[in-house]
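S.K.: sequence and predicted structure are below.
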Amino acid sequence: MTAILYWMRRDFRLADNPALTWAAAQGRPVIPVFLLDEVVDTWGAAPKWRLGLGLEAMATALDGIGSRLILRRGDALASLRALVADTGADTVVWNRLYVEDERARDTAVKEALRDDGLTARSFGAHVLFEPWTVETGSGGYYKVYTPFWKAVRDRDPGDAMAPVADLQEPQDWPATEVLGDWALGQAMRRGADVVARHVTVGEQAARDRLDRFIDGPIADYATSRDMLAQDGTSGLSENLTYGEIGIRTCWAAGQGALRDGKPGAETFLKELVWRDFAHHLAYHTPRLTSENWRPEWDAFPWQGDGALAEAWRRGRTGIEAVDAGMRELYVTGRMHNRARMLVASYLTKHLMTNWKLGADWFADCLVDWDPASNAMGWQWAAGSGPDAAPFFRIFNPDTQAEKFDPRGVYRRRWLAEGQADPAPEASAFYDAIPRSWDLSPGDSYPSPIVGLKAGRERALDAYKQRDPA
């Protein structure tokens, strides 16, 4: 009756969890483990803080089925070997991840554990379809989304697994570190209390969020998801990031809504597949998360960090839709998807700033940070990534605001300047930001740091130099 170590990563759930389900079915003791390892320790402030909340919720869920969560900090392989020595376990299981640093860690761990004579198994759980199972007619991977969608839309990813109801305990539990000692929220400083009002943590809360979406907003999702002031999206990116809900659970709910004739269901399913597409590309082309996906963009004259980028980070560009999005990010840890496109386009095109700077800021501020989706979104906006045609498209934030925030509700919600009685969310921005920024609601709203017309013309000129044809 040797124990099985279940190595938890982005799968904080009991339902639809293949590695945990397999381990539970063996009739042997199962020891759930989370490692603050060499990959996780590089995460930014908001993702790491939100990770701590997810770990608390998962530890509670495990307690509810008579188990517990063991925490260890340090190199993944060394930590797992130490746990094997402490417990006598002969098997280690986990659910696969696909981004370069995660894959490199997991591959090295699997090879080393097997060399040690242990059983090491990984399972598919984070995406609908494994990256090596979706191929073009010529046998390669898809580089454009629409053909990818057509290739998988009628595939069956399999049924979501039932929740694990109990886990056999080991005779002796190994020592565990204390979550509070990790100080995962330290880098958030005073912003943690502000962002905490806007997170939805844990498996049950994620399931409730999905149910509310399917019961209501999904019907109008195709159009309402773009309206900045409207609560028209699922909000599930936060929970999918940490695996607090299974992607197959979301797919099954979307398929059910489609069968029920809810108009927005197909668009929702397409968004789930867009997430898969990002992870497939990160698997097949690891440079996606750190380099220009299109190498011909390596010589493009991106600007580096400086005063313009700092004004963008602080929501002080003088472009209302852009600043509203950046302040929403700082207050909630998330940003409306339409706003994400606008702030990314403005940074990379009007300000001619390298997309990596924006991607890094999001990686520090987003509670729903997903390395593959974040990188693909930024490269799509910048023009350097997959499916980024036409690369010369430049969003005009003012005309976009007129279309998607026609009454200015979203902008007033997040911008305090000039308002006698600012919205609570707009005021909360000043409670969250570093005091060193020295900003207050009574400040005058800034003039545009780069005008929309001038910025557009400069970007188009740079594109012509890049590609005279």
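M.R.: It's in. Quick caveat: nothing in here was measured; it's all calculated off a predicted structure.

S.K.: wait, isn't Phe34 in contact with Ile70?
M.R.: Yes - judged on C-beta atoms under 8 Å, Phe34 makes contact with Ile70 at a distance of 7.5 Å. Backbone N, C-alpha and C define where each C-beta goes, glycine included.

S.K.: so what sits against both of those two?
M.R.: Shared contacts of Phe34 and Ile70, defined by C-beta atoms under 8 Å, 6 or more residues apart in numbering, are absent.

S.K.: can you dump the C-alpha atoms of stretch 359-369 in PDB for me?
M.R.: Provided in PDB are the C-alpha atoms of stretch 359-369 (Å, rounded to 0.1, in the frame of the first residue of the first chain):
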ATOM      1  CA  ALA A 359       2.900  41.500 -21.400                       C
ATOM      2  CA  ASP A 360       5.200  41.800 -18.400                       C
ATOM      3  CA  TRP A 361       3.000  44.400 -16.700                       C
ATOM      4  CA  PHE A 362       0.000  42.200 -17.200                       C
ATOM      5  CA  ALA A 363       1.900  39.300 -15.800                       C
ATOM      6  CA  ASP A 364       2.500  41.300 -12.700                       C
ATOM      7  CA  CYS A 365      -1.100  42.700 -12.400                       C
ATOM      8  CA  LEU A 366      -3.500  40.100 -13.600                       C
ATOM      9  CA  VAL A 367      -5.200  37.600 -11.300                       C
ATOM     10  CA  ASP A 368      -6.200  35.700 -14.400                       C
ATOM     11  CA  TRP A 369      -2.700  35.700 -15.900                       C
END
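
S.K.: contacts for that stretch, please.
M.R.: With C-beta under 8 Å, 6+ apart as the test, stretch 359-369 has contacts from 43-47, 49-50, 195, 199, 237-238, 240-241, 313, 329-330, 332-335, 371, 374-375, 378.

S.K.: make it 6 Å
M.R.: Here stretch 359-369 makes contact (C-beta atoms under 6 Å, 6 or more residues apart in numbering) with 44-47, 50, 199, 237-238, 241, 313, 329, 333-334, 374-375, 378.

S.K.: closest one of those to Trp414?
M.R.: Among the contacts of stretch 359-369, Leu329 lies closest to Trp414 (C-beta to C-beta), at 9.6 Å.

S.K.: can you pull the contacts of the closest one?
M.R.: Met335, Cys365.

S.K.: quick check: what element follows whichever helix or strand it is part of along the chain?
M.R.: In this assignment (DSSP states H and E), Leu329 forms part of helix 320-332. Downstream of helix 320-332, the next assigned helix or strand under DSSP H and E is helix 337-345.

S.K.: just the strands in the chain please.
M.R.: 4-8, 30-36, 70-73, 91-95, 119-123 (DSSP state E).

S.K.: for the first one, C-alpha coordinates in CSV please.
M.R.: Coordinates of each C-alpha in strand 4-8 appear next as CSV, following Å, rounded to 0.1, in the frame of the first residue of the first chain:
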residue,chain,number,x,y,z
ILE,A,4,0.9,8.1,-4.5
LEU,A,5,2.1,11.7,-4.6
TYR,A,6,-0.4,13.9,-6.5
TRP,A,7,1.6,17.0,-7.6
MET,A,8,-0.9,19.8,-7.9
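
S.K.: distance of the closest residue to Ile65 other than its chain neighbours relative to Phe429?
M.R.: Excluding the flanking residues, the one nearest Ile65 by C-beta to C-beta, 6 or more residues apart in numbering is Asp166, at 5.1 Å. Asp166 is 46 Å from Phe429, where distance means C-beta to C-beta, to the nearest Å.

S.K.: between these two, who's got more neighbours?
M.R.: Counted by other C-beta atoms under 10 Å, Asp166 and Phe429 do not tie: Phe429 has more neighbours, with 26 against 11.

S.K.: ok, the more buried one - contacts?
M.R.: If you count contacts by C-beta under 6 Å, 6+ apart, then Phe429 has Arg327, Tyr330, Val331 around it.

S.K.: try 10 Å this time
M.R.: Residues near Phe429 by C-beta atoms under 10 Å, 6 or more residues apart in numbering: 191, 194, 314-315, 323-324, 326-331, 414-416, 422, 439, 441.

S.K.: now the buried members of the residues you listed.
M.R.: 191, 194, 314-315, 323-324, 326-331, 414-416, 422, 439 (16 or more other C-beta atoms under 10 Å).

S.K.: skipping adjacent residues, who's closest to Asp16 in space?
M.R.: Leaving aside its sequence neighbours, Asp16 sits nearest to Gly246 (C-beta to C-beta, 6+ apart; 3.0 Å).

S.K.: next one: the one you found from Gln379, what distance?
M.R.: Per C-beta to C-beta, Gly246 is found 27 Å from Gln379.

S.K.: swap in Trp182?
M.R.: On the measure of C-beta to C-beta, Trp182 and Gln379 end up 32 Å apart.

S.K.: looking at these two, which has the bigger crowd around it?
M.R.: Gln379 (27 against 17).

S.K.: show me where the stretch 101-250 of the chain has helices.
M.R.: With DSSP state H, counting those that start in this stretch, the ranges of helices along the stretch 101-250 of the chain come out as 145-152, 191-195, 203-215, 221-224, 237-241, 247-259.

S.K.: need those in a markdown table (columns: mean pLDDT and distance to Lys270).
M.R.: A markdown table is the format used below for these (pLDDT from 0 to 100; distance: least, C-beta to C-beta, whole Å):
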| stretch | mean pLDDT | distance to Lys270 |
| --- | --- | --- |
| helix 145-152 | 96 | 6 |
| helix 191-195 | 97 | 29 |
| helix 203-215 | 98 | 15 |
| helix 221-224 | 96 | 9 |
| helix 237-241 | 98 | 14 |
| helix 247-259 | 98 | 9 |
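
S.K.: can you say which of these is nearest to Ala307?
M.R.: Comparison of the helices of the stretch 101-250 of the chain against Ala307 by C-beta to C-beta identifies helix 191-195 as nearest, at 22.8 Å.

S.K.: which other helices and strands contact the closest one?
M.R.: Where contact means 3 or more C-beta pairs under 10 Å, 6 or more residues apart in numbering; DSSP states H and E, helix 191-195 is packed against helix 45-64, helix 320-332, helix 424-432.

S.K.: could you identify which of those is most buried?
M.R.: Highest mean neighbour count of those: helix 320-332, a mean of 26 (counted as mean count of other C-beta atoms under 10 Å).

S.K.: that helix vs helix 424-432, what angle?
M.R.: Counting by axes from the mean of the first three to the mean of the last three C-alpha atoms, to 10 degrees, helix 320-332 lies at 60 degrees to helix 424-432.

S.K.: quick one: helix 320-332 to helix 45-64, angle?
M.R.: Going by the same axes, to 10 degrees, helix 320-332 makes 40 degrees with helix 45-64.

S.K.: okay, domains of the protein per the record?
M.R.: Domain assignment for the chain by automatic domain parsing gives 1-124, 127-158+191-284, 295-466.

S.K.: output the below-cut-off pLDDT ranges for this protein.
M.R.: Scanning the chain for pLDDT under 70 picks out 388-390, 467-469.

S.K.: try it again with 50
M.R.: Applying pLDDT under 50 to the chain flags the ranges 468-469.

S.K.: roughly how far does the spatially closest residue to Pro301 that is not a sequence neighbour sit from Lys262?
M.R.: Leaving aside its sequence neighbours, Pro301 sits nearest to Ala462 (C-beta to C-beta, 6+ apart; 6.1 Å). To Lys262, Ala462 is 44 Å away according to C-beta to C-beta.
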